[in-house]
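Asker: For reference, the sequence and a predicted model appear below.
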Amino acid sequence: MNMKNVKKILAVLAAACMLLPAVFAKGGTEKGADSSGKPSTWIAKRTIQVQAYVDDIGYQLPKDQLNTPVMKELERRTGMKIEFLYTPGEEDRYVMAAQIAAGNLPDMICSYLNDSTRPEFRVLYPAAVDGIFTDLTPYIKNTKVYSKYSDKNFLPPDTYNNITWRKEFGGKAYFMHLNIEAVDESTVWKPEEEYLGGMYIQKSIAEDLGVDVRKIDTSEKLYQLLKQIKAKNYKDKNGNTVIPLGPKYWGGSADALEYILRDLQWGANGDVYNRTKDGKILHEAETDSVYKQIEFVRKLLKEGLMHKEFFTMDETRVGELCANNSVAVIADIHNYKPIIYESDTWIPLARMVDYKGSGAKITGGKRGYGQWAIPATAKRPEEIVKLMDYLSSKEGQLLMLYGVEGVSYDMVNGKPVLKDEVKKAMADGDTDTLINKYGASFDGSGHYGLEFLLTNNQNKAYFGESRPGAETSATYARAVELARDYPLTYKKLNGLKPSAFLPELEKVNAAMSLLDYKDMIIQACYASSDSEVKKIVEGFRAQLKAAGIDEFRALIEAKYKENPDTILFY
């Protein structure tokens, strides 16, 4: 080989060597790579199988889970991929119980678990005691996210005391609660993510009557408003007389009573049990409140102020009524339904005050939503914990929620902005494109499983918006505007609803589950006479007694005496 050719070869090699750093830099993360060329976030070359006992995950899985843009990027960064497994059944917790009993568990499991009283925990708890799951304590100590779970002030009280660090576990931790907010903002009204639910009135009718909708905050004020509407004899799009009060938008239901007579209900925590001033625990049916509610509804029906099928109409027909402006007030809808955010036809009425005169919504502070655990049979659990910790880092959350930069979003001024085609797919409900083409969660509109596995949530701080697309999509602009114009306030109370503890008394719970309080109220509302109403209510009270309400009362009294913060009374 002559010297001229040798010089050419050396020049080519030198140029190639100069390119190598750029090639490796492009393939690494923001944190760079180690001497082997692997990113600093690298964990191990491995696919983690996650058995999900969550139907919302199971029915929204990508066709090729391991080869979506998100999974390929996760593998590039960490060496790991996630494959969800889902087994349909009558109920997810039954499937979980069967698979635990059979010892048929993969690398990891996840399930719903809002709090320690969820039925899933009655399956998980004994399994942990029997050694089915791995103690995660030694593995979370040096993590960036899950090490926070040792801080009593970071976790919700129920999570810390009854799930993760339950005293029966003797200092071991088997379950990591998911979707815990980094900072408790439960009392902060955040328009970008609030579902402003309740009664909505036709804007034109409110303006014609000169009504300040923000002041319709009691059942009596609502009654007077409905009478005014009837007296005006308004007509709908078809020329028919407008009915003052229509059913819940999703179909007739007693659930809507919460919005039309909240001040007549006993308590304000969404539960039928409360505690009197002298310390007696009662079911609402045992108080005069039940009669006040029934009397109010009977008055509306008698005077033609409420649709006769308020409790029974199907969703399709309710939709037609609302679309034709055939009702003046919708008993229950929210700002993220198209009929609300696509025009300015409807505006919200005030949230009614409760029996104490407060219009605030009750919040229990931070709350979990799901859990994950590692079976004792899983290999190298420390790698799984490292992966879960990475997913909940800022970098990991960005990947899970938004996808891959340049593919589904672009960085603008340091914040992710979804591409127009992604926002269109979200607005159109095109889950197939979101799940299979892009592979991210997109606020649950896409691959929900990826969002389900996150914790230490702080979307606003990390990404400048409460959820993907909230700040840049015009689709829900009016929904956010309504939330800004009609803000609600929150009141924080500790504890879980009393009824959440019913499952601890199996026989009582089984008997109580056969009783339908709301159905009783509906039956009484259509009773032929006041004496018939009394007969129906007294019959229900007798059924409560026979079902074991006194035994349940004793249980709640004992728990409350031991720790008042355990039970949410109001």
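Answerer: Nice, thanks for sending it over.
Asker: Stretch 346-366: which residues count as buried?
Answerer: Neighbour counts using 16 or more other CB atoms under 10 Å place 346-355, 359-366 of stretch 346-366 among the buried residues. For glycine as for every other residue, the C-beta is placed from the backbone atoms N, C-alpha and C.
Asker: what does stretch 449-464 give?
Answerer: Residues of stretch 449-464 classed as buried by neighbour count (16+ other CB under 10 Å): 449-457, 459-460, 462-464.
Asker: What are the boundaries of the helices in the stretch 401-550 of the chain?
Answerer: Under the criterion DSSP state H, counting those that start in this stretch, the stretch 401-550 of the chain contains helices at 420-428, 431-432, 448-452, 459-463, 477-485, 506-512, 517-525, 530-547, 549-562.
Asker: Could you point out which of those helices sits nearest Phe442?
Answerer: Proximity to Phe442, assessed across the helices of the stretch 401-550 of the chain by CB to CB, is greatest for helix 420-428 (5.9 Å).
Asker: Would you indicate which residues of that closest one are buried?
Answerer: 422-423, 425-426.
Asker: which helices and strands does it pack with?
Answerer: With contacts defined as 3 or more CB pairs under 8 Å, 6 or more residues apart in numbering; DSSP states H and E, helix 420-428 has no helix or strand neighbours.
Asker: And the average pLDDT for it is what?
Answerer: Helix 420-428 shows a mean pLDDT of 92.
Asker: chain center to it: distance?
Answerer: Distance of helix 420-428 from the chain centroid (CA atoms, centre = their mean, to the nearest Å) equals 22 Å.
Asker: before we move on, what about stretch 309-327?
Answerer: For stretch 309-327 - counting by CA atoms, centre = their mean - the centre lies 26 Å from the chain centre.
Asker: how near is the residue nearest in space to the middle of the chain to Ile294?
Answerer: Centroid-nearest residue in the chain: Tyr369, 7.0 Å away (criterion: CA atoms, centre = their mean). According to CB to CB, to the nearest Å, Tyr369 and Ile294 sit 36 Å apart.
Asker: what about Asn413, neighbour count?
Answerer: 6 (other CB atoms under 10 Å).
Asker: pLDDT value on Asn563, please?
Answerer: So Asn563 comes in at 86 (pLDDT).
Asker: for Tyr94, helix, strand, or coil?
Answerer: helix (DSSP: H, G, I helix; E, B strand; the rest coil).
Asker: from the buried residues of stretch 449-464, which is closest to Phe175?
Answerer: Once CB to CB is applied, the member of those that ends up nearest Phe175 is Thr455, at 12.1 Å.
Asker: Might one say that that closest one is in contact with Leu178?
Answerer: Yes - Thr455 is within contact range of Leu178, at 5.1 Å (criterion: CB atoms under 8 Å).
Asker: Identify the contacts common to those two.
Answerer: Common neighbours of Thr455 and Leu178, using CB atoms under 8 Å, 6 or more residues apart in numbering, do not exist here.
Asker: mind putting the helices of the stretch 401-550 of the chain in JSON lines, distance to Ala256 included?
Answerer: As requested, those are exported to JSON lines (distance: least, CB to CB, whole Å):
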{"stretch": "helix 420-428", "distance to Ala256": "28"}
{"stretch": "helix 431-432", "distance to Ala256": "29"}
{"stretch": "helix 448-452", "distance to Ala256": "28"}
{"stretch": "helix 459-463", "distance to Ala256": "31"}
{"stretch": "helix 477-485", "distance to Ala256": "19"}
{"stretch": "helix 506-512", "distance to Ala256": "23"}
{"stretch": "helix 517-525", "distance to Ala256": "10"}
{"stretch": "helix 530-547", "distance to Ala256": "20"}
{"stretch": "helix 549-562", "distance to Ala256": "26"}
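Asker: For the closest residue to Gly464 other than its chain neighbours, give the beta-bridge partners.
Answerer: Excluding the flanking residues, the one nearest Gly464 by CB to CB, 6 or more residues apart in numbering is Lys415, at 4.0 Å. Beta-bridge pairing of Lys415, defined through DSSP bridges, involves Val412.
Asker: correct me, but Lys415 touches Ala461?
Answerer: No - the pair Lys415 and Ala461 does not pass the contact test of CB under 8 Å, sitting 10.9 Å apart.
Asker: Tell me which helix or strand comes right after the helix or strand of the chain with the lowest mean pLDDT.
Answerer: When each helix and strand of the chain is scored by mean pLDDT, DSSP states H and E, helix 3-27 comes last, with a mean of 38. Elements were assigned by DSSP states H and E; along the chain past helix 3-27, the next helix or strand is strand 46-53.
Asker: Buried residues in the following helix or strand past that next one, which are they?
Answerer: Sequence order places helix 55-58 as the next helix or strand after strand 46-53, per DSSP H and E. Buried residues in helix 55-58, counting neighbours by 16+ other CB under 10 Å, are found at 57-58.
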